[in-house]
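Trainee: okay, sequence plus prediction incoming.
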Amino acid sequence: MTKRAISTEQIHHSYRAPEGWNAIPVGVFKASTVLFKNTSDLHQVRTPDGQTYRYGLHGTPTSYTLAARLATLERAEHCLLTPSGLSAVTLVSLGILRPGDEVLLPDNVYMQNRLLSKSMLPEFGISHRFYDPLDAAGFAKLLSPKTKLVWLEAAGSITLEFPDLVGLLQACKAHGVITAIDNTWGSGVAFNPFEIAPGLGADISIQALTKYASGGADVLMGSVCTRDLALHEKLNRMHEHLGYGLGQNDVELVLRGLPSLLLRYRAQDATTRALAAWMQARPEVAQLLHPAFAGSPGHEYWQQTSSGGAACLFSVVFKPEYSAAQVDAFVDALELFGIGYSWAGPMSLALPCELGRSRSLSLPIAQGCVVRFAIGLEDQVDLIADLEQALAHL
Ligand SMILES: Cc1ncc(COP(=O)(O)O)c(C=O)c1O
């Protein structure tokens, strides 16, 4: 071969890494273009299954490795990765629902899922209704031939009611309706979304990997897991049309987070319960919302469903004599807790929540201002001391 210019050599250099390189981390393979050996190779039909590659948008060995590990975590067969938890939600609703269909959502569903159903899906001729996740009998009455998708969330957002998953799933099964669970709270640890009771589980489990799977508060990503191949292929079709792609450096960060997921989940669970118990005993607090605590809405369903684990979230309802401004002053006075969205990262967070606009049905909680706490990896003694000094500002 003739001697080539340095610029050409920077792209066509002959050095190749040796076959058989072996280390614990998965390599970060990035690509838009995937090179074919020749034109005959180009003309081969390829399915995006992690064995053959066509274009970087559909995945690289790095993202297929993450998808395979998540399918294992969720006890699923198939997994699609998406650029955020919200895009996983959107993929499921757009992938399943068609004009004339109806979707049912729990009243405490993640806010952006609610907004998608309320403000965007009607433009596609798709209607929605909200149900009480604690009332399976009332829910069963809402199911109709139009119902094509039921969202489940355990525990629900902010008020953390744990749904009657067995009752809800039995009703869906009797009607042959597809069920999708937002399993971010359980994260594949608290319960098996596909086997809530023997022979009874959701058809689809989505997660915001942004939370526990990453654990670093530095990545946005989502997953959509299924056991049924036909359902996976249906969702994959929409996934391809939406052009969802992932940055492989972000994928690597989630791959780094996964091995410690169980340890972090358990550690954060323990600190969360200690803080929740401490807050519950405070005279300023009217009600504690955490499904592992007796008296929290849906506690008995959590006992029935969960392996004993719970996520790092709890909310408190302050007594009605405390105004929103006073509760804001308490949150502002916290020194270790950040004020912000998301959860399951290293830093604890506190979020005053206005529930009025975000619920359609009556709330099973006391009157008063609500603050949601997401507990991180700080020491429990320091966090309690911080809560105590901030409560003086109420
Ligand atoms: C229960 C739940 N599902 C989905 C999401 C969306 O995740 P993301 O922020 O990655 O879009 C969130 C985010 O807060 C969430 O709490």
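Mentor: Arrived safely, thanks for sending.

Trainee: surely residue 388 forms part of a helix?
Mentor: Yes - according to DSSP: H, G, I helix; E, B strand; the rest coil, the state of residue 388 is that of a helix.

Trainee: neighbours around it, how many?
Mentor: Around residue 388 sit 11 other residues, with neighbours defined as other C-beta atoms under 10 Å. Backbone N, C-alpha and C define where each C-beta goes, glycine included.

Trainee: okay, it: pLDDT?
Mentor: As summarised for this prediction, residue 388 has a pLDDT of 98.

Trainee: can you check residue 384 too?
Mentor: pLDDT for residue 384: 98.

Trainee: now do the contacts for it.
Mentor: Under the criterion of C-beta atoms under 8 Å, 6 or more residues apart in numbering, the neighbours of residue 384 are 274, 275, 278.

Trainee: what values do phi and psi take at the last one?
Mentor: The reference is to residue 278. phi -60, psi -40 (degrees, to the nearest 10).

Trainee: the first one too?
Mentor: When quoted as degrees, to the nearest 10, the phi and psi of residue 274 stand at phi -60, psi -40.

Trainee: now the residue of the stretch 51-200 of the chain found nearest the ligand: closest residue in space, sequence neighbours ignored.
Mentor: Distance from the ligand to each residue of the stretch 51-200 of the chain (C-beta to the nearest ligand atom) is smallest for residue 85, at 2.3 Å. Of all residues beyond its chain neighbours, the one nearest residue 85 is residue 208 (2.4 Å), with distances taken as C-beta to C-beta, 6 or more residues apart in numbering.

Trainee: what about that neighbour, distance to residue 123?
Mentor: For residue 208, the distance to residue 123 under the criterion C-beta to C-beta, to the nearest Å works out to 25 Å.

Trainee: who has more neighbours out of these two?
Mentor: Summary of the neighbour comparison: residue 208 and residue 123, criterion other C-beta under 10 Å, with residue 208 having more neighbours (28 against 7).

Trainee: wait, the more buried one sits on residue 84?
Mentor: Yes - with contact defined as C-beta atoms under 8 Å, residue 208 and residue 84 form a contacting pair (7.1 Å).

Trainee: who touches both of these two?
Mentor: Between them, residue 208 and residue 84 have 221, 222 as joint contacts when contacts are counted by C-beta under 8 Å, 6+ apart.

Trainee: now for the residue lying closest to residue 168 once chain neighbours are set aside: which residues touch it?
Mentor: Ranked by C-beta to C-beta, 6+ apart and with sequence neighbours excluded, the top spatial neighbour of residue 168 is residue 136, at 5.2 Å. Shown in contact with residue 136 (C-beta under 8 Å, 6+ apart): 164, 166, 167, 168, 170, 171.

Trainee: got the phi and psi for residue 136?
Mentor: The phi/psi pair for residue 136 (degrees, to the nearest 10) is phi -70, psi -30.

Trainee: quick one, grab the pLDDT at it.
Mentor: In this prediction, residue 136 has a pLDDT value of 98.

Trainee: which SS class is the nearest residue to residue 42 once chain neighbours are set aside?
Mentor: Ranked by C-beta to C-beta, 6+ apart and with sequence neighbours excluded, the top spatial neighbour of residue 42 is residue 36, at 4.2 Å. Under the three-state scheme (three-state DSSP), the conformation of residue 36 reads as coil.

Trainee: what separation do you get for residue 263 and residue 22?
Mentor: Distance of residue 263 to residue 22, given as C-beta to C-beta: 25 Å.

Trainee: ignore the last one, residue 167
Mentor: When residue 167 is compared with residue 22 (using C-beta to C-beta), they lie 49 Å apart.

Trainee: those two: which has the busier surroundings?
Mentor: Regarding residue 167 and residue 22, a neighbour count based on other C-beta under 10 Å identifies residue 167 as having more, with 18 against 4.

Trainee: what is the burial count for residue 35?
Mentor: Taking other C-beta under 10 Å as the neighbour definition, residue 35 ends up with a count of 8.

Trainee: meant to ask about residue 114
Mentor: Other residues within reach of residue 114 by the criterion other C-beta under 10 Å amount to 21.

Trainee: could you do residue 87 as well?
Mentor: Using other C-beta under 10 Å, residue 87 has 20 other residues around it.

Trainee: and it, which of the three is it?
Mentor: Assigned by three-state DSSP, the conformation of residue 87 is helix.

Trainee: which residues are in contact with it?
Mentor: Under the criterion of C-beta under 8 Å, 6+ apart, the contact list for residue 87 reads 222, 242, 244.

Trainee: any idea how far the last one is from residue 235?
Mentor: In this structure, residue 244 lies at 11 Å from residue 235, with C-beta to C-beta as the measure.

Trainee: between these two, what contacts are shared?
Mentor: Here residue 244 and residue 235 share the contacting residues residue 91, scored by C-beta under 8 Å, 6+ apart.
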